[in-house]
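> Need coordinates for the below:
(4 chains)
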There are 2 protein chains.
Amino acid sequence: MIRTMSRTPLHPTREQIELPMVLDCLSDPIRLAIVYQLAQQERVSSELCCGDFSGLSGKSNLAYHFAKLRECGLMLTRVAGTNRFMRLRREDLEARFPGLLDAVLSSAAKDADRLQLLSECEVVKAD
Amino acid sequence: MIRTMSRTPLHPTREQIELPMVLDCLSDPIRLAIVYQLAQQERVSSELCCGDFSGLSGKSNLAYHFAKLRECGLMLTRVAGTNRFMRLRREDLEARFPGLLDAVLSSAAKDADRLQLLSECEVVKAD
DNA sequence: CCCTATGTTCAATGTTTATTGAACTATCGA
DNA sequence: TCGATAGTTCAATAAACATTGAACATAGGG
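Numbers count the residues shown, from 1 in each chain, chains lettered A, B, ... in the order given. You can find the predicted model right below:
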């Protein structure tokens, strides 16, 4: 029984993205924080890798949440060597659910303290 | 041990409304359909009672979902005799999370078929 | 070629969730 | 006062979910 590490993670097509799944994904505080952090970073590099989220939870738990975010269509994973780079599927989400992602993100920003989200400067990637 | 039926259901204050709870509430297809139906009805009467949702599920399951919607701050319940009238907490939601409810509702409207939501004419209250 | 770093997969655990039917409360009207 | 109507509460169940640690896969650098 060989266990392989998928080099081409599954992503739903734009049309396959479902509203309830997206909302459910965003309703988990850890996943919301991941999405928020990806959005913050967009202006700089648009991509982050798993290790950049180590403040949020343990590795295996993060992998679980990454999979959910991928499978519901919120983000895209690109494998590069031993790293996996992730970015938001902004255009696809905007096409399917106009205004939704931004409404969620700005709502989250308003409650950043309550949601224990990192402020922008804290998110800057270590080099 | 006396079981009472609360005449003044608990509602969170505006400030107590939390984003993850709201998103989680809206991520359930039945609750999303309830909220959608309430929004459709707003132009006509702004209130609906439990029986108006009997197409969505059984009575006790609906009561369960109504409680969740109330407790997360999405809707308000007013007791009147043997009926409970419900309406969306539009203003509170708009104040806490600007644009969010409308983004969800218009996203849901786009996917009305997929989400098996009733079209506007089907929602009109029976007399 | 081995060691390390990055991240995934699996199994096990305990918690939360949705759904059902039956029992119950409360109100209205005849 | 009796019955019908509207809706809640409870208990039980099965399914889904989040979290943990250990084992594994993969790639890169000495």
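
> all contacts plus neighbour counts: C-alpha atoms, from now on.
OK.

> Pull out the CA atoms of stretch A:92-99 and give them to me as CSV.
The C-alpha trace of stretch A:92-99 is given here as CSV (Å, rounded to 0.1, in the frame of the first residue of the first chain):
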residue,chain,number,x,y,z
ASP,A,92,-13.5,32.9,-9.9
LEU,A,93,-15.2,33.9,-6.7
GLU,A,94,-16.0,37.3,-8.0
ALA,A,95,-17.5,35.8,-11.1
ARG,A,96,-19.7,33.3,-9.1
PHE,A,97,-20.6,35.5,-6.1
PRO,A,98,-20.0,39.1,-6.9
GLY,A,99,-19.0,41.2,-3.9
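
> List the neighbours of that stretch that are in contact with it.
Stretch A:92-99 is contacted by residues A:14-15, A:17, A:19, A:73-74, A:100-101, B:99, B:103-104, B:106-107 when judged by C-alpha atoms under 8 Å, 6 or more residues apart in numbering or on different chains.

> who touches the residue nearest to the spatial centre of chain A in this structure?
Nearest residue to the geometric centre of chain A (C-alpha atoms, centre = their mean): residue A:35, 3.9 Å. Residue A:35 is in contact with A:26, A:88, counting by C-alpha under 8 Å, 6+ apart.

> from the chain's centre, how far out does stretch A:56-63 sit?
13 Å (C-alpha atoms, centre = their mean, to the nearest Å).

> quick one: it near DNA strand C?
Yes - shown here: stretch A:56-63 in contact with DNA strand C (C-alpha under 7 Å from any atom of the strand) through A:59-63.
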